[in-house]
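Q: quick one: sequence and predicted model below, then my questions.
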Amino acid sequence: FGGVVQQAEDELSAANMAIGAALTGTRAMVATSGPGLALMQEAIGQSGMAEIPLVLVDCQRAGPSTGMPTKPEQSDITLMAHGGQGDFPRVVLAPGTPAECFHLTVAACNLAERYQLPVFVALDQGLSQNLATIDLIEPGQVAVDRGKRLNAAALAQMDVYQRYAFSEDGVSAFAAPGTPGGMSLVTGNEHDPFGLVSTDPDNRRRMVQKRQQKIETMRPDLPQAVTHGNATAEVGFIGVGMTYGVILEAMDILAADGVATQYHQLRTLWPMLEETAAFTRRCQHVFVVEYNATGQLARLIVAQGGEQAHICSILAYDGVPLRAASLAGEIKDRLRSREDKVA
């Protein structure tokens, strides 16, 4: 695809260099792990305020701080969904396989440019350093969506160009700096439609609402979950990243023991789609499997309308990947415990 890789001196530089590249109309992406993502928060806020497309890959590892840098974890979910100062829209995608890492990163790039915001690709150490045989990827099958872009001819037809013009879908047309007729200002301050700094209360309300409108506009374009297993089973799994393989193996073990299950493999963590809350209502027992100590994914699901009474967290945070036999055994124990309580 003719890309350029630049090794920056630190995470702050990497994020700001990517923002500068994106501002010129170039697709830009940065990759890091949890500590680096924490350092990038100010730059991510700049991306949100100035509506500059940015893709960030977070290969989560055991934290906090340096933690266990060679061990897997999924403890940055809350940081990706809610991190940063102030309110601004963002997207968090979660591949489950090496092939999905490619395809969802393509989707992330398209979403970032279409809606002019930061998009996270949530990986973990287990998935990001994995080897697998996948079907051949044909570059010609990759569809590129650059969003609302204006060239000199389009600008010449306009009476006036407003970089942050109010729009029904929340997205304003973008002209790269240097395009004749496309002069604008870019700032981390709140601004008016021309990019001029503004503290006017009415303008502030409208600009915040404009940016937030993107969340509702984009919902039909977000990658939907994949459901595996028995669609009528009352026992369900939810998990992302490296939980994918172990959940599928545990489902086979449970099926051999007469326990029917289904697996809701989330691919969009934020904004969370209604399909996930619906899954938690449809299944009587929902086991959210994740690699952190506080049930970050389960808490996110409950906050977005998930049926808390049906949800049970299975957590691992010792740096050791779950084993399918152990997971299946714990599911059977939890199911027996619930039946005992009901009785």
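A: Received, thanks.
Q: CA only for contacts and neighbour counts going forward, please
A: Noted.
Q: of all residues in this structure, which one is nearest the centre?
A: Nearest to the mean C-alpha position of the chain, by CA atoms, centre = their mean, lies V92 at 1.0 Å.
Q: which residues sit against the helix or strand bottoming out on mean pLDDT in the chain?
A: When the helices and strands of the chain are scored by mean pLDDT, DSSP states H and E, helix 324-342 comes last with a mean of 86. If you take CA atoms under 8 Å, 6 or more residues apart in numbering as the criterion, helix 324-342 is touched by V246, I247, E249, A250, M251, I253, L254, H285, F287.
Q: how about a cut-off of 7 Å?
A: Residues from elsewhere that reach helix 324-342 (CA atoms under 7 Å, 6 or more residues apart in numbering): V246, I247, E249, A250, I253, L254.
Q: which one of those is nearest to D202?
A: I247 (49.8 Å; CA to CA).
Q: am I right that the closest one is in a strand?
A: No. Checked against DSSP: H, G, I helix; E, B strand; the rest coil, I247 lies outside a strand; its state is helix.
Q: which parts of stretch 76-93 are buried?
A: D76, I77, M80, A81, G83, G84, F88, P89, R90, V91, V92, L93 (16 or more other CA atoms under 10 Å).
Q: apologies, that question was intended for stretch 25-43.
A: Result for stretch 25-43 [16+ other CA under 10 Å]: buried residues 25-38, 40-43.
Q: quick check: end-to-end length of that stretch?
A: End-to-end distance of stretch 25-43 (CA to CA, to the nearest Å): 17 Å.
Q: just curious, which of the buried residues of stretch 76-93 is nearest to G3?
A: Minimum separation from G3 among the buried residues of stretch 76-93 (CA to CA) is found for L93, which lies at 22.0 Å.
Q: now the closest one, nearest residue through space, not along the chain?
A: Nearest residue to L93 in three dimensions, chain neighbours excluded: T268, at 4.5 Å (CA to CA, 6 or more residues apart in numbering).
Q: tell me how many other residues crowd that neighbour.
A: 23 (other CA atoms under 10 Å).
Q: what do you get for G229?
A: Residue neighbour count, defined by other CA under 10 Å, stands at 17 for G229.
Q: low-confidence ranges, the stretch 151-300 of the chain, go.
A: Scanning the stretch 151-300 of the chain for pLDDT under 70 picks out no residues.
Q: quick revisit: redo the contacts of helix 324-342 as a markdown table? Include neighbour count and distance to G170.
A: Shown next, in a markdown table, are these (neighbours: other CA atoms under 10 Å; distance: CA to CA, whole Å):
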| residue | neighbour count | distance to G170 |
| --- | --- | --- |
| V246 | 19 | 40 |
| I247 | 25 | 38 |
| E249 | 16 | 43 |
| A250 | 20 | 43 |
| I253 | 17 | 48 |
| L254 | 20 | 47 |
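Q: just flag the most distant two among these.
A: Farthest apart among the contacts of helix 324-342 - using CA to CA - are V246 and L254, which lie 12.2 Å from each other.
Q: show me where this structure has strands.
A: Counting by DSSP state E, one finds strands in the chain at the ranges 29-32, 54-62, 68-72, 91-93, 118-124, 226-229, 235-238, 261-265, 268-270, 285-290, 311-315.
Q: deepest of these, which one?
A: Highest mean neighbour count among the strands of the chain (mean count of other CA atoms under 10 Å): strand 118-124, with a mean of 28.
Q: mind listing the strands it pairs with, and their directions?
A: When sheet partners are counted by DSSP bridges, strand 118-124 sits next to strand 54-62 (parallel), strand 91-93 (parallel).
Q: just checking, I311 touches Q284?
A: No. Look at I311 against Q284 with CA atoms under 7 Å: they stay out of range, at 8.4 Å.
Q: still on that earlier bit, from the buried residues of stretch 76-93, which has minimum pLDDT?
A: Among these, G84 carries the weakest pLDDT, at 90.
Q: surely that residue and Q46 touch.
A: No. Shown here, G84 and Q46 do not form a contact pair, counting by CA under 7 Å, at 9.8 Å.
Q: break this protein down into its domains, please.
A: 11-141, 152-220, 226-342 (automatic domain parsing).
Q: as a markdown table, those with distance to G3 would be great.
A: Shown next, in a markdown table, are the domains of the chain (distance: least, CA to CA, whole Å):
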| stretch | distance to G3 |
| --- | --- |
| domain 11-141 | 9 |
| domain 152-220 | 19 |
| domain 226-342 | 26 |
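Q: most tightly packed of these?
A: Most buried of the domains of the chain, by mean neighbour count (mean count of other CA under 10 Å): domain 11-141, with a mean of 20.
Q: quick one: end-to-end distance for that one.
A: Using CA to CA, first and last residues of domain 11-141 are 32 Å apart.
Q: inside helices: which ones of the buried residues of stretch 25-43?
A: Of those, the ones assigned to helices by DSSP state H are G34, P35, G36, L37, A38, Q41, E42, A43.
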